[in-house]
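Asker: based on what follows, work out the 3D shape:
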Amino acid sequence: MSELKTTPGHEVAILGGGCFWCVEAVFQDLRGVTSVLPGYSGGHVDNPTYEQVCGKQTGHIEVARIEFDPTVLSYSDLLRVFFATHDPTTPGRQGNDVGPQYESAIFWLDDAQREQAQAVIAEVDALHVYDAPIVTKMLAPATFWQAEDYHRNYFNLHPEQGYCQFVIAPKVAKFRKQFQDRLVR
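Answerer: Numbering: from 1, shown residues only. I've put the predicted structure just below:
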């Protein structure tokens, strides 16, 4: 797979927070984010398909590749949104989505990201935001495999779809209310 280009001066975060449709829908509305791509990271199969990842044999996690402008949005603030918009206390699960592909995960891309992620996790823990410990996996850089085209911009293109109405829409509404001062729109 060819390496995706990043806009000069921008940074990239690779985050797994359950279904990548949810992660994409939240981060698309965050000021400072310039692109969000759903995909897969962390597995042992090259160029996996959605069906293979859902089969739970590839080791991949559904992730979003989030490109952002660090002069508008810091990596730490991006992670604060990440921890506020999914449940980082449930291994291999987000709501009714169950399986290793739904892990809460941060694929740090350099030492600075790893250190910032550790600091944000400590901060969230210290605030006792969750009743259970954070189990978000901190994972070394891994190949990002872009998901099939039909996964891109899924929530915006299919708002009538049941999963979008009952899972993604409430999550996006909660995000928009909590972070209204950070929205693009």
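Asker: wait, L30 touches L79, no?
Answerer: No. With contact defined as Cβ atoms under 8 Å, L30 does not count as touching L79 (11.7 Å). Glycine gets a C-beta too; all of them are placed from N, C-alpha and C.
Asker: report the distance from stretch 18-26 to the chain centre.
Answerer: 6 Å (Cα atoms, centre = their mean, to the nearest Å).
Asker: check which residues of the longest helix along the chain are buried.
Answerer: Using DSSP state H, we find that the single longest helix of the chain is helix 111-126. Judged by neighbour count (16 or more other Cβ atoms under 10 Å), helix 111-126 contains these buried residues: Q113, R114, Q116, A117, V120, I121, V124.
Asker: pass me the low-pLDDT residue ranges in the chain, would you?
Answerer: For the chain, the stretches flagged by pLDDT under 70 are 1-3, 185.
Asker: swap in 90 and give it another go.
Answerer: 1-8, 95-96, 184-185 (pLDDT under 90).
Asker: so which residues of this structure form strands?
Answerer: Here the chain has its strands, by DSSP state E, at 11-17, 33-41, 61-68, 93-94, 97-98, 104-107, 137-139, 144-146.
Asker: mind putting the buried residues of helix 111-126 in a markdown table, distance to Q146 included?
Answerer: As requested, those are exported to a markdown table (distance: Cβ to Cβ, whole Å):
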| residue | distance to Q146 |
| --- | --- |
| Q113 | 20 |
| R114 | 23 |
| Q116 | 25 |
| A117 | 23 |
| V120 | 26 |
| I121 | 27 |
| V124 | 29 |
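Asker: residues contacting the residue nearest to I134 when sequence neighbours are not counted?
Answerer: Setting aside the residues directly before and after it, I134 is nearest to P88 in space (Cβ to Cβ, 6 or more residues apart in numbering), at 4.7 Å. Contact analysis of P88 by Cβ atoms under 8 Å, 6 or more residues apart in numbering lists G17, S104, V124, Y130, I134, V135, T136.
Asker: please report how far P88 lies from C164.
Answerer: 23 Å (Cβ to Cβ, to the nearest Å).
Asker: can you check A173 too?
Answerer: Look at A173 and C164: by Cβ to Cβ, they are 12 Å apart.
Asker: name the residue in these two with the higher neighbour count.
Answerer: C164 (19 against 10; other Cβ atoms under 10 Å).
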